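Novice: Sequence and predicted structure are below.
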Amino acid sequence: MSSLKSRLLAPDSYVEKHPLFGAEVYLRRLTIAELDTYEQTLKKAQASGSNTQASIAGANLILQTICNKSGQPLPTEELPTAEELIATKSTHALIETLKFVQQFSCGSLDGAKKN
């Protein structure tokens with residue numbers, strides 16, 4: 001791969017520490033492709049009428065943002081599964097956290113902090 005192409009395709013690595021569900025964690029901004037995949041999964045869940053699958057898709061998106069200080073994903077054993085998360089959190093808490101990570105990923109941190 002050419003040097004220019006390599007530089008242009010280098011992953012974004014924007015990481016900040018924020019509270020999620022009462023725990024201080026590092027979050028990374030999601031890529032356009034990751035957000036698009038979530039939207040497609042959500043649409044399929046909504047079309048099938050499965051609120052559970054829609055909640056799992058949202059929980060997975062939240063879990064995808066959690067990383068270490070360097071922006072690398074945490075080992076799976078350090079995180080709950082999406083199913084575990086939706087079994088312990090209220091709908092309100094999940095939706096507010098989901099909105100926060102989406103706004104954070106899109107760069108509108110001021111809007112994310114207000115919610």
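Specialist: All right, it came through fine.
Novice: what's the offset of the top helix by length along the chain from the middle of its chain?
Specialist: Identified as the longest helix of the chain according to DSSP state H is helix 32-48. Centre-to-centre, helix 32-48 and its host chain are 13 Å apart (CA atoms, centre = their mean, to the nearest Å).
Novice: okay, and the helix or strand of this structure with the least pLDDT?
Specialist: helix 109-114 (a mean of 53; mean pLDDT, DSSP states H and E).
Novice: Next up, phi/psi of T97, please.
Specialist: Per-residue torsions, T97: phi -70, psi -40 (degrees, to the nearest 10).
Novice: how close does it get to S13?
Specialist: Computed as CB to CB, to the nearest Å, the T97 to S13 distance reads 22 Å. To be clear about C-beta, it is placed using only N, CA and C from the backbone, and glycine gets the same treatment.
Novice: Can you show me the strands along the protein?
Specialist: Assigned by DSSP state E, the strands in the chain fall at 15-20, 23-28, 66-67.
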